[in-house]
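Trainee: curious how this folds, go ahead:
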Amino acid sequence: MELRDRYGDFQARGAEVVALAVASREAVDGVWSAIGAPYPILADPEHRAAEAYGVYNRLGDGLAAPAVFVLTKDGILWSYVGQHSADRPSVDEILRHLP
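Mentor: Numbers count the residues shown, from 1 in each chain. Okay, the predicted model is just below:
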């Protein structure tokens, strides 16, 4: 919930947070409501976006590996792809890579 709690830090830097889940819209809506995310969580049930970013089934579980991409208009500035389901960078680590 660190990301949810520190969402304002991203906004203060002029950045936006968008989460993506390899799940149906209904499942994503349930998660979004349960965690009270102030940022959008997009549904990717056919895992097109996860495949395009190379994170679908990377851990052999039929899901998207936890990943963070810092994007600019020119493309991917920085990325982090987890090596296991709980492997995520801290908010401070992500913020260090914002332009």
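
Trainee: CA only for contacts and neighbour counts going forward, please
Mentor: Fine.

Trainee: now do the contacts for the residue nearest the centre of the chain.
Mentor: Among the residues of the chain, the one closest to the centroid is Ala19, at 3.9 Å (Cα atoms, centre = their mean). If you count contacts by Cα atoms under 8 Å, 6 or more residues apart in numbering, Ala19 has them with 39-42.

Trainee: scan this protein for its longest helix.
Mentor: helix 25-35 (DSSP state H).

Trainee: what does the helix or strand just after that helix contact?
Mentor: Following helix 25-35 in sequence order, the next helix or strand is strand 41-43 (DSSP states H and E). For strand 41-43, contacts defined as Cα under 8 Å, 6+ apart pick out 18-25, 28-29, 32.

Trainee: show me how to select, in ChimeraX, the buried members of those residues.
Mentor: To isolate the buried members of the contacts of strand 41-43 in ChimeraX, using 16 or more other Cα atoms under 10 Å:
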select :20,21,22,23,28,32
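
Trainee: and the furthest pair within the contacts of strand 41-43?
Mentor: Using Cα to Cα, these span at most 16.2 Å, a distance reached by Val18 and Ser24.
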